[in-house]
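J.: Here's a sequence, model it:
(one chain, ligands or ions: 1)
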Amino acid sequence: MNRFLCCSWYLAITENSKYILMQLFSINAGHFKLDGGAMFGVVPKSLWSKSYPADENNMCSWAMRCMLVQHENRLVLIDTGMGNKQNDRFFSHYFMHGDHSLDGSLKQLGFHRDDITDVFLTHLHFDHCGGAIERNADGNFVPAFKNATFWSDENHWEWATKPNSREKASFLSENILPIQESGQLKFLKGNELFPGFEVERVSGHTESMMLPVISSNGKKLMYMADLLPSPVHTPTPWVMAYDTRPLLTMEEKPLVLQRCIDEERVLFFEHDNSIECATLMNTEKGIRVQQTASLKEMGF
Ligand SMILES: [Zn+2]
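T.: Numbers count the residues shown, from 1 in each chain. Below is the predicted model of the structure:
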């Protein structure tokens, strides 16, 4: 290859990675309720209840908002919500409500779960991965996406399959082990699923949670999972009581959020009851929300 050809080849590659085109879709897998105190940790109710009103049992309504990423011949689902295979006693703790479901949201976009090529699991807490598994006709637990590769992090998998007593109620073996038994599990090595789909790992909420950073059409979006369940959690001390290492979250969160500002990333919220996306800005008080909008309004 002569020098000119070599340079133009290099430029084409750089330009391509800058202008990768992906279709992103917000997939609402349903709403549930969690205790407001658990969701806001040490923050007093007099502060958080201004943004998140609680019911008579101190429960607030939260979304399980997944994301579908369409790129070339791949259709990647990020997280799955909690699914519907558990018994009534389990669901009685979580007050599922509203009309949204994973299958319904996929259908509305003209997709079916069998079209999914990759299920990317940020972490293995039940409200993020329960929908990955269903019961078959024989009552056995099997992957609910028969044509998909399931992506997890190896350190997180180790952590989740030997759960500590704090997270035991969130890591349910029936949500996790059938993925491996089916042969559909892969561990993501490095920081990229494919060009334009990069991953950052944080370990304050749980060990090695993976947060996708997606580039499309010159814009960047970060899927916040449980590092920032809602825009209300933006100030550093607003950390969920569920976090296993809250002091580490308080170190990781401002670093990740500052990268979001520096790279003009749009933030996508898995759990906010109604807000899909936000941008951030630096203020005298620290990092704060600049603007909230839907995924479409943000230009994706
Ligand atoms: Zn979690």
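
J.: Toward the C-terminus, what is the element adjacent to the helix or strand that contains residue 65?
T.: Per DSSP states H and E, residue 65 falls inside strand 59-71. Moving toward the C-terminus from strand 59-71, the next helix or strand (DSSP H and E) is strand 74-78.

J.: Which strands or helices does that following strand pack on?
T.: strand 59-71, strand 118-120 (3 or more Cβ pairs under 8 Å, 6 or more residues apart in numbering; DSSP states H and E). Heads up, the C-betas are built off the backbone N, CA and C, glycines and all.

J.: Would you mind finding the most buried of those?
T.: Counting by mean count of other Cβ atoms under 10 Å, strand 118-120 has the highest mean neighbour count of the helices and strands packed on strand 74-78, with a mean of 24.

J.: Show the contacting residues for the one residue in the stretch 151-300 of the chain that gets nearest to the ion.
T.: Nearest to the ion in the stretch 151-300 of the chain, going by Cβ to the ion, is residue 226, at a distance of 3.8 Å. Residues near residue 226 by Cβ atoms under 8 Å, 6 or more residues apart in numbering: 122, 123, 125, 128, 205, 206, 209, 240, 242, 243, 270, 271.

J.: Just put these in CSV and tack on distance to residue 176 and secondary structure.
T.: As requested, the contacts of residue 226 are exported to CSV (distance: Cβ to Cβ, whole Å; DSSP: H, G, I helix; E, B strand; the rest coil):
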residue, distance to residue 176, secondary structure
122, 14, coil
123, 11, coil
125, 10, coil
128, 11, helix
205, 17, coil
206, 13, coil
209, 15, strand
240, 21, coil
242, 18, coil
243, 20, coil
270, 19, coil
271, 21, coil
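
J.: contacts with the ion among the residues you listed, please.
T.: Restricting the contacts of residue 226 to those near the ion by Cβ under 5 Å from the ion leaves residue 125.

J.: any chance of the contacts of residue 226 in CSV, with neighbour count too?
T.: What follows is these, written out as CSV (neighbours: other Cβ atoms under 10 Å):
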residue, neighbour count
122, 29
123, 26
125, 24
128, 26
205, 26
206, 26
209, 23
240, 21
242, 19
243, 19
270, 26
271, 25
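
J.: Now pLDDT too, for the contacts of residue 226, in a markdown table please.
T.: Converted to a markdown table, the contacts of residue 226 look like this (pLDDT from 0 to 100):
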| residue | pLDDT |
| --- | --- |
| 122 | 98 |
| 123 | 98 |
| 125 | 98 |
| 128 | 98 |
| 205 | 98 |
| 206 | 98 |
| 209 | 98 |
| 240 | 98 |
| 242 | 96 |
| 243 | 97 |
| 270 | 98 |
| 271 | 98 |
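
J.: Format the CA atom coordinates belonging to stretch 90-104 as CSV.
T.: Taking Å, rounded to 0.1, in the frame of the first residue of the first chain, the C-alpha atoms of stretch 90-104 are listed here in CSV:
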residue,chain,number,x,y,z
PHE,A,90,-42.5,-12.1,45.3
PHE,A,91,-44.4,-9.5,43.2
SER,A,92,-46.4,-8.5,46.3
HIS,A,93,-43.3,-6.7,47.5
TYR,A,94,-42.8,-4.7,44.3
PHE,A,95,-46.3,-3.4,43.4
MET,A,96,-46.0,-3.7,39.6
HIS,A,97,-48.2,-1.1,38.0
GLY,A,98,-49.0,0.5,34.6
ASP,A,99,-49.4,-1.0,31.2
HIS,A,100,-45.8,-1.3,30.0
SER,A,101,-44.1,-4.6,29.5
LEU,A,102,-40.9,-5.7,27.7
ASP,A,103,-42.8,-7.6,25.0
GLY,A,104,-45.4,-4.9,24.5
